[in-house]
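Participant: I'll drop the sequence and a predicted model, then ask my questions.
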Amino acid sequence: MFKYILKRILMMIPTLVGITLLTFVIVNLAPGGPIEQKIQKLRFNQSESGKGPSVISEEVLENLKKQYGFDKPLHVRYLLWLKNVSVFNFGESFTYEEPVIDIIVSKLPVSIQFGLSSFILSYFVCISLGLMKAMKHNSVFDHLTSVVIFVAYSIPGFMLAILLIVFFAGGNFYSWFPIGQLYSDNYQDLDTWGKIIDRLHHFVLPLICYMIGSFTVLTVLMKNSLLDEIKKDYIRTARAKGLSENGVILKHALKNALIPIATGIGGFFSIFFAGSLLLENIFQLDGMGQLFYQSILQRDYNVIMGLLFIQSLLMMLGNIVSDLAYVFLDPRINFD
């Protein structure tokens, strides 16, 4: 297993180089880069101050290229960027004029809290619900819950967010839940229990919308996987030995039924960069989705490349973790 993990880690290197090289070329060749934006700003300031025609001298242009590192050929800039990234130095943001890593860290609280909460709750609820639906297959409970989860699946997360705000967050009906930020203005004055309640109060609506996308898929996958397991010979043998139905399912079938679910366990690593632009806009949250979108609009190359590199790295590490989960759930699997 060690050899397999080592091989996968070594394979990550050319994959990361390929992803970052392609992205680096695309973002640097896209029009409207930081130099063009800076030139437009200088011309606007000159015209506003009445200092004559808005002409940018060659000297100023060369200084701008040197300032932003565009005085070197594209391939040289990429190699320099790759060298810096090897020590996790992503440079400075053109927009914020701060180290990229500091900007990313400042946006992480929103993404971590909603990503981690939605990940844990989705798996806990979906595995439990899928288990109950499989045990009560074709019952009234099974049919009713199927209707509910498929209706939920048909509603886009951003549309659900709008409806929840209209009905429950000060729209035209009730004002049960707040929107914007992660806690109230008097958060620091509350005791420990009050802080927990305040956080939960702010989390309810966004968390529902974050979970809605994967909720149905995981539930149906869990149910179908368990139904396939209980039809196998070893389950019939366990029943023939006189074990109760609950004992057969919980002690024998459940562990094997979790193997398809393990595919998404590697997503645990990507929760640190979970972000939805639409949901963050609707609920007025300043997270990774907003940062990535604004960086693209402002052609903040260093932030874009930093986000892409870390996200790609975490996703590949997550795939390795998924493989390890397979081995844990089914020792017969051997990647060596």
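Facilitator: It's in.

Participant: Next, the contact list for residue 215, please.
Facilitator: When the contact criterion is C-beta atoms under 8 Å, 6 or more residues apart in numbering, the partners of residue 215 are 122, 125-126, 149, 152-153. Every C-beta, even on glycine, is put in place using the N, C-alpha and C of the backbone.

Participant: Could you turn the buried ones of the residues you listed into a ChimeraX selection?
Facilitator: One line in ChimeraX is enough to select the buried ones among these; burial here means 16 or more other C-beta atoms under 10 Å:
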select :122,126,149,152,153
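
Participant: ok, residue 218 to residue 242 distance?
Facilitator: From residue 218 across to residue 242, the span is 33 Å (C-beta to C-beta, to the nearest Å).

Participant: Between these two, which has more neighbouring residues?
Facilitator: When residue 218 is set against residue 242 and neighbours are counted by other C-beta atoms under 10 Å, the residue ahead is residue 218, at 21 against 7.

Participant: what's near enough to touch the more buried one?
Facilitator: Applying C-beta under 8 Å, 6+ apart, the residues near residue 218 are 122-123, 126-127, 130, 261, 264.

Participant: All the helices of the stretch 151-300 of the chain, residue numbers only.
Facilitator: For the stretch 151-300 of the chain, applying DSSP state H, counting those that start in this stretch gives helices covering 157-168, 192-229, 233-240, 245-248, 254-257, 277-282, 288-297.

Participant: With only the CA atoms kept, save the fifth one in CSV.
Facilitator: This file holds the C-alpha atoms of helix 254-257, laid out as CSV (Å, rounded to 0.1, in the frame of the first residue of the first chain):
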residue,chain,number,x,y,z
LEU,A,254,-23.9,-2.0,5.9
LYS,A,255,-20.1,-1.9,5.8
ASN,A,256,-20.1,-3.3,2.3
ALA,A,257,-22.9,-1.0,1.2
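
Participant: start the count at 44, not 1, going forward
Facilitator: Right, with 44 as the first residue, what we last looked at is helix 297-300.

Participant: So residue 292 is in contact with residue 178, correct?
Facilitator: Yes: because the distance of 6.4 Å satisfies C-beta atoms under 8 Å, residue 292 is recorded as touching residue 178.

Participant: Check what pLDDT the closest residue to residue 221 other than its chain neighbours gets.
Facilitator: With C-beta to C-beta, 6 or more residues apart in numbering as the measure, residue 245 is the residue that lies nearest to residue 221, at 5.8 Å, once sequence neighbours are left out. Here, the pLDDT recorded for residue 245 equals 86.

Participant: Tell me the pLDDT of the closest residue in space to residue 58 that isn't next to it in sequence.
Facilitator: In this structure, residue 58 finds its nearest non-sequential neighbour in residue 359, 6.6 Å apart by C-beta to C-beta, 6+ apart. The predicted local distance difference test score for residue 359 is 87.
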